[in-house]
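In: Dropping the sequence and predicted coords here.
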Amino acid sequence: SSPSWSVTMADRLAEALVHAMSGDIAKRGPAEKMLKEFEQHNFPLYLQGLCTQIQNPKLPLQARQMAGIQLKNTIVARDEQRRHELEKRWLMLQQQVRGNVKMQLLHTLNVDEPKLR
């Protein structure tokens with residue numbers, strides 16, 4: 001059983017998403033690195049954390065959109081080889097995790113902000 005996504009980790013993810021949108025490379029660079037580390041450290045929790053942040057009304061719209069982009073980029077790619085790797089990684093996740101991600105994304109369709117759909 002995986003450890004749950006702690007409030008501290010959720011806050012760090014939210015902060016990284018905000019800074020990943022920054023025009024300031026001194027903020028954006030470390031934020032992008034942190035997002036990559038989250039992805040590599042615990043992929044299932046990272047996916048679920050991104051889904052949560054997409055729906056987080058306290059987060060600026062652009063950061064919520066960044067969460068959606070990050071999520072998309074962890075699941076699909078244009079490059080055929082990369083797409084195959086991502087599909088394999090997705091299918092290796094526990095069915096419960098995949099189901100949770102899908103359900104959270106479906107809930108995103110009900111958010112008040114059309115730009116997140």
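Out: Thanks, I have it.
In: Need the single longest helix in this structure, by residues.
Out: With DSSP state H setting the assignment, residue counts place helix 25-41 as the longest helix in the chain.
In: Counting by contacts, list what the helix or strand following it packs against.
Out: Beyond helix 25-41 in the direction of the C-terminus, DSSP states H and E gives the next helix or strand as helix 43-54. In terms of contacts (3 or more CB pairs under 8 Å, 6 or more residues apart in numbering; DSSP states H and E), helix 43-54 is packed against helix 7-20, helix 25-41, helix 61-75, helix 95-108. From N, CA and C alone the C-beta is placed, and that goes for glycine too.
In: Spatially central, which residue of the protein would that be?
Out: Among the residues of the chain, residue 50 comes closest to the average C-alpha position under CA atoms, centre = their mean, at 2.9 Å.
In: Touching, it and residue 69? I think so.
Out: No. The criterion here is CB atoms under 8 Å, and residue 50 misses it with residue 69 at 9.4 Å.
In: ok so, going back, tell me the buried residues in the longest helix of the chain?
Out: When burial is assessed from 16 or more other CB atoms under 10 Å, helix 25-41 yields the following buried residues: 27, 31-32, 34-35, 38-39.
In: Export only the CA atoms of it, formatted as PDB.
Out: Once non-C-alpha atoms are left out, helix 25-41 reads as follows in PDB (Å, rounded to 0.1, in the frame of the first residue of the first chain):
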ATOM      1  CA  ILE A  25      13.600  31.000 -15.200                       C
ATOM      2  CA  ALA A  26      14.800  31.200 -11.600                       C
ATOM      3  CA  LYS A  27      11.400  30.100 -10.400                       C
ATOM      4  CA  ARG A  28      10.300  28.000 -13.400                       C
ATOM      5  CA  GLY A  29      13.500  25.900 -13.600                       C
ATOM      6  CA  PRO A  30      13.300  24.500 -10.000                       C
ATOM      7  CA  ALA A  31       9.500  24.100 -10.300                       C
ATOM      8  CA  GLU A  32       9.900  22.000 -13.500                       C
ATOM      9  CA  LYS A  33      12.500  19.900 -11.800                       C
ATOM     10  CA  MET A  34      10.300  19.400  -8.700                       C
ATOM     11  CA  LEU A  35       7.400  18.300 -11.000                       C
ATOM     12  CA  LYS A  36       9.700  15.800 -12.700                       C
ATOM     13  CA  GLU A  37      10.900  14.500  -9.300                       C
ATOM     14  CA  PHE A  38       7.300  14.100  -8.100                       C
ATOM     15  CA  GLU A  39       6.500  12.100 -11.200                       C
ATOM     16  CA  GLN A  40       9.600   9.900 -10.800                       C
ATOM     17  CA  HIS A  41       9.300   9.400  -7.100                       C
END
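In: Cool, thanks, signing off.
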